[in-house]
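Asker: With the input below, show me the fold.
(2 chains)
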Amino acid sequence: MDKYDAVVIGAGNGGLVAAIRLLQGGAKVLVVEKHNLPGGFATSFRRGRFEFEASLHELNDFGPADNGGDVRALFDSLGVTDKIEWTPIPEAYRVIARKEKLDVTMPFGVKAFIDKMEKEVPGSRLSTERFFQLADDTRAAQKYTNERNGVVESSVMVKEYGNYVRTGSYSVNEVLDSIRMPKKAQDILRAYWCYLGAHCDDLSFSHYASMVIRYISRGAMMPKMRSHEISLALCERIRELGGEIWFNTEAVKIETGADGGVEGVILDDGRRIVTRHVVANCSPLVVYGRMMDGVPEKIVRATNARKLAGRGFTMFLGLNKSADELGIENHNYFLYDTMDSAAQYEIMKKIDTNEVQATVCLNRAYPECSPPGTSMMYFTTLYMSDDWGNVKPEDYAKTKEKVANKMIDRFERDTGAKIRDSIEEISVATPMTYARYCGHPEGGIYGYESQYWDGLNPRLQMMAHDHMTRGLRFAGGFAMRLSGYSSAYFSGDISGRQTVGDIKKEG
Amino acid sequence: MAYKFKRQIFGFMDLLRFKKMVPTREKMLAEGSAEPLPKTFSVNETAKILHPGTRKVKLAEIRDETHDIKTFVFETFAPSMFRAGQYVSLRARIGGSVVSRPYAISSSPFDALRGNKVAVTIKRAGFFSEWMCDNAALGDEFELGDPSGDFFHDGVRDSRRVLGIAGGSGITPFFSMAQAIAEGSEDFELTLLYGAKTVKDLAFKDRLDALCGDKFKVVYVLSDEKKDGFEHGFITAELISKFAQGDFTVMMCGPQVMYDFAEKELAKIGVTGARRVRKEANCVSTRDVKPQEFKLRVHIRDEAFDIKADARETLLTAMERAGLKVPSKCRAGGCGFCHSRLIDGKYSIAGADKRRLADVKFGFVHPCCTYPDSDMEIEVPRG
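Answerer: Predicted structure coming up:
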């Protein structure tokens, strides 16, 4: 019987969570995934004696059992928390910026963070405290919005979540200026911006603040067996609940009926699955551009209006010496040219100029992640334009190598560690790699950019408006919670639950 | 008292700005272009050339290289690109079975990119290679997998100077590398020690000789024949030292016995460890146990198949014999392409366990390197 209550297209973070929510709501569910593995970017791969994490730097807002965050609460309710073995991340980050001559390591814990900030920037205490209060108010408001699926009472918002509403229309920099945070403290606090991929004049305060507090207040966690452990745990849960997952199976068409709504899904072998509900864990550009016919002009315009966010590049190194021997001191590094994020954003547009990196040495969180006497690192950057689109196939390997070499040089010069002569395994993922595995336009890894007008707040408030095709909802980095692990999980939670509601309404 | 944020002179103006966000976004979305949505993007199109996936190809040329080695050139109909040294999986339907084998590509990257041609070179050695040598005919259709594997020169890690050690048909990736260096798609210096029994067992000899230059040298090492102009014996520490000094990367492709021997010799001159000694993996073969027939139930999507599995053969071989189309790439346990879920049964793994940690925990196996030790039930993605 090729008939399902719902089909989830793509077994990425959002799709897997949506599938569990649908199953918990009593739906008969099929997940189709074009790759042979689940997780999308949430996976791992082996090279020699190393198993590399493909993308996760650390999972925020999880927290320990006695101080669980929203992600832990979500995983608890999905029934997967205990299927995964977690290890805590030691410190928040070390940020190094050349122009400002900044080199600061920041701890987890709001109090510890504020204390450290005061030590680095005397006189910053009050503004940093205010930042965290605003961030906490923002998080609470988002939790309320989530629970209400975006349908919120204006009066409740203003009364209960006033600071969220008052800051909600401003950029990161506008709010930091308003709370009179000293410039150096702002620089230190802005370190995470590249995780969201829009610069701080454009990026909404709500989005940034809610991420920072999710990291700082409850610490971050890492699954010991890399993110592949989370992805397999979610798959196991789907099967326990009676769901099906078909790998190496690409959905190529979504069929629509007279009302323009979903009637079925066509797979790459021509097989037709009857369903009236799809959760698409992929880009609207792919869905509306390639998978659907007769897309209304309103949707075409809305899809064309949006801006693709950063395109990914990651270098993975397996090193034949320990982190101690190599002088790698920290788990999580941000290396910038400048903390002026708007200027930095411009520099990140070109392959030749971009030297920004967010770098992780997993051994600093989990020493046993690689064999004794070895260590493992991954170095990630983002390109803020489609410059990789200009790279020809014959120049591809050379270009990859050039960027990889720059990353190593930069890391060695900025941190003093010596890694080049200890490389045993190396693998490099470019926008082409991300395009190949996940099919995202231009090899983007961050969905649509969190630019001012298309930021987190308007997206959350416009969930109903953005639901423009009956039976079709989106999950993952292109959806209403924007990109990142926790955001993708939440988007799957929202779209999954909303689809359960849609199914129930149809009776 | 809790802090109350205010930016505008009058606090209600902050609220008004908030309220405007929705109409602003509505307007921006409505003002997007009405042009048809783009179907694809430059990066995504380049990705298709770099990783073409499984392709239908046509056999365009067959060349005899030696008495038991042949080259098969395939027309791929579209450009593709790979790193010299990589392999492809070649798949054919033989009788009732769907069989595939990984072979190192013996042609050059630019042949693939600019001429839509990919060649593999096969030595008669088993079921599939014999079938290819005896039955494959011009114009026949095959499936060719994605160029794969990390047996290629990595300019970041590897020394610019590479000592290649080839045994028998292990010459094929090096032949591709030599052509790649000549055409400029790879840039390193390769000195190749090519071991074979006798002169008549050397494949590509004339073309290798013609490719020699500043960046490429070849030394033939004959084990069973003494001849002027050829080294005689095995690839010893002494021979290696004669052709490579200082910092160099060793790349080896050949049978396991060759690896064992060469690694001992390399250790004598202090060259050890995976950073400087790279080996291409070999396919898993049968295991030496008593024949025993087990039942194997295979789930592929919503279908189930009951087939037989022999204790001596891998689960992948059992499925191919039964005519099931299942994923297969490296056949050495490492690439994970055949990643399958174990539902029930006992098994053994050939060689080192190369699975991901979470795969072991959640019960996944790689059928290409897994032998059944009982009746088994597995779920396999479709091939």
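Asker: Every contact and neighbour count from this point should use C-alpha atoms.
Answerer: Fine.
Asker: Can you spell out the domain ranges of the chain, please?
Answerer: Assuming you mean chain A. Domain segmentation of chain A under automatic domain parsing yields A:6-85+A:224-306+A:450-506, A:110-216, A:310-445.
Asker: look at chain B instead
Answerer: Using automatic domain parsing, the domain parsing of chain B gives B:46-144, B:161-279, B:293-379.
Asker: and A:A220, which of the ones you listed is closest to it?
Answerer: Among the domains of chain B, the nearest to A:A220 by Cα to Cα is domain B:293-379 (20.2 Å).
Asker: follow-up on the earlier one: could the domains of chain B go into TSV alongside mean neighbour count?
Answerer: Shown next, in TSV, are the domains of chain B (neighbours: other Cα atoms under 10 Å in any protein chain shown):
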stretch	mean neighbour count
domain B:46-144	20
domain B:161-279	18
domain B:293-379	20
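Asker: ok, the residue in the stretch 101-250 of chain B positioned nearest to chain A to A:R413 distance?
Answerer: Per Cα to the nearest Cα, B:R157 is where the stretch 101-250 of chain B lies closest to chain A, at 5.8 Å. Distance, B:R157 to A:R413, using Cα to Cα, to the nearest Å: 18 Å.
Asker: Tell me which residues touch the residue of the stretch 201-350 of chain B found nearest chain A, please.
Answerer: Closest approach of the stretch 201-350 of chain B to chain A (Cα to the nearest Cα) occurs at B:R275, with a separation of 4.1 Å. Going by Cα atoms under 8 Å, 6 or more residues apart in numbering or on different chains, B:R275 touches A:N320, A:S422, A:I423, A:E424, A:E425, B:R157, B:D158, B:T249.
Asker: one step back: make a markdown table out of the domains of chain A and add mean pLDDT and mean neighbour count.
Answerer: Shown next, in a markdown table, are the domains of chain A (pLDDT from 0 to 100; neighbours: other Cα atoms under 10 Å in any protein chain shown):
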| stretch | mean pLDDT | mean neighbour count |
| --- | --- | --- |
| domain A:6-85+A:224-306+A:450-506 | 96 | 21 |
| domain A:110-216 | 94 | 20 |
| domain A:310-445 | 98 | 21 |
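Asker: With distance to B:F362 added, can I get the ones you listed in a markdown table?
Answerer: Shown next, in a markdown table, are the domains of chain A (distance: least, Cα to Cα, whole Å):
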| stretch | distance to B:F362 |
| --- | --- |
| domain A:6-85+A:224-306+A:450-506 | 7 |
| domain A:110-216 | 29 |
| domain A:310-445 | 18 |
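Asker: Ok, which of these comes nearest A:V104?
Answerer: Across the domains of chain A, A:V104 has its closest neighbour in domain A:110-216 (7.5 Å, Cα to Cα).
Asker: Wondering if that closest one reaches chain B at all.
Answerer: Yes - interface with chain B: domain A:110-216 contributes A:130, A:133-134, A:162-163, A:165-169, A:175, A:178-179 (Cα under 8 Å from any Cα of the partner chain).
Asker: how close does A:Y452 get to A:L460?
Answerer: 14 Å.
Asker: give me the beta-bridge partners of B:E379?
Answerer: In this structure, B:E379 bridges to B:H299, B:R341 when assessed by DSSP bridges.
Asker: Next one: it from B:G363, what distance?
Answerer: Going from B:E379 to B:G363 by Cα to Cα gives 11 Å.
Asker: B:C330 too?
Answerer: Distance of B:C330 to B:G363, computed by Cα to Cα: 21 Å.
Asker: What helices and strands are in contact with the helix or strand hosting A:S491?
Answerer: Element membership of A:S491 [criterion: DSSP states H and E] is helix A:485-506. Packing partners of helix A:485-506 (3 or more Cα pairs under 8 Å, 6 or more residues apart in numbering or on different chains; DSSP states H and E): helix A:13-24, helix A:70-78, strand A:278-280, strand A:472-474.
Asker: for chain B, what are the nearby residues on the stretch 1-150 of chain A?
Answerer: Proximity of the stretch 1-150 of chain A to chain B, by Cα under 8 Å from any Cα, involves residues A:N36, A:L37, A:S44, A:F45, A:R46, A:E51, A:R130, A:Q133, A:L134.
Asker: excluding its backbone neighbours, what's nearest A:Y161?
Answerer: Once flanking residues are discounted, A:Y161 sits nearest to A:A141: 5.8 Å by Cα to Cα, 6 or more residues apart in numbering or on different chains.
Asker: Can you tell me which of the residues of domain A:110-216 next to chain B end up in helices?
Answerer: Counting by DSSP state H, the residues of domain A:110-216 next to chain B place A:R130, A:Q133, A:L134, A:G162, A:N163, A:V165, A:R166, A:T167, A:V175, A:S178 in helices.
Asker: B:L190: which of those is nearest?
Answerer: A:V175 (59.0 Å).
Asker: From A:T167, how far out is that closest one?
Answerer: Distance, A:V175 to A:T167, by Cα to Cα: 7 Å.
Asker: Understood, closing this out.
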